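Participant: Could you work out the structure for the sequence below:
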Amino acid sequence: MLTSSVGKKALMGATGLFLCSFLVVHLYGNLQLYAGAERFEEHAHELTANIVIRIVEVLLFLSIALHAASGVWLTVRNRRARPVRYVRNRSAGAGTPASRTMAITGSATFIFLVIHLRQFFYESRFGPRADHVSLYDLVVATFRDPLYAVLYVAAMILLAGHLLHGFQSGFKSLGLHHVRYARVIRAAGTVFAVAVPAGFASLPIYFLAAGSGA
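Facilitator: The predicted model follows:
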């Protein structure tokens, strides 16, 4: 089943919804930054010391890889099935801008994720100063870098576009989408796609503004 288009879409939907749940947990942890260094460091220590979280980390990286690979496979397959583009693609069934740009927003988000993991995950776990680095200080210093702050906010805007279609698409791929609650899923997906990236984006904006005013 996983070698078919249906299987790949189901895998993409399952991993996508799992990653959505991770975003909520990750946002909760990041919002601890507003509570100060002590609370944020305490939360980070609770996570790194928890064996269950370490196992979930493996599932997380696996999900990212499978989600990206499935997306690439489906994109390539669709283009091969339709090598010649239509002259007009703005028909009623052409889909939304969010659905038509999923490959672009997904690729951009993946590239940002690699940069993000290198900046925080690698530096705090395996970097030369991993045993002595303060994760709070690392995050705050990075968010006060105007270039990174702009990159981060731009990535969150692209993530919002990806989630706007991806959230409800995940339910469809798993056969969990029904006309009776389609509006609920669509509304929940819209709120999720706006609120979660906005929550993440608020952090570099806040620390950049706080740093400028210091």
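
Participant: could you say what helices and strands the lowest-mean-pLDDT helix or strand in the chain packs with?
Facilitator: When the helices and strands of the chain are scored by mean pLDDT, DSSP states H and E, helix 123-125 comes last with a mean of 77. Packing contacts for helix 123-125, counted by 3 or more Cβ pairs under 8 Å, 6 or more residues apart in numbering; DSSP states H and E, involve helix 135-143. The way it works is simple: take the backbone N, C-alpha and C, and place the C-beta from them, glycine included.

Participant: Now the helix it packs on: buried residues?
Facilitator: For helix 135-143, the neighbour count (16 or more other Cβ atoms under 10 Å) marks 135-136, 138-140, 142-143 as buried.

Participant: wait, what's in contact with the closest residue to A37 other than its chain neighbours?
Facilitator: Nearest residue to A37, sequence neighbours excluded (Cβ to Cβ, 6 or more residues apart in numbering): Y136, at 4.2 Å. Contacts here follow Cβ atoms under 8 Å, 6 or more residues apart in numbering; on that basis Y136 touches 33, 37, 40-41, 44.

Participant: any idea how far A49 is from Y136?
Facilitator: Separation of Y136 from A49 (Cβ to Cβ, to the nearest Å): 17 Å.

Participant: same check, this time on L23
Facilitator: For L23, the distance to A49 equals 22 Å [Cβ to Cβ].
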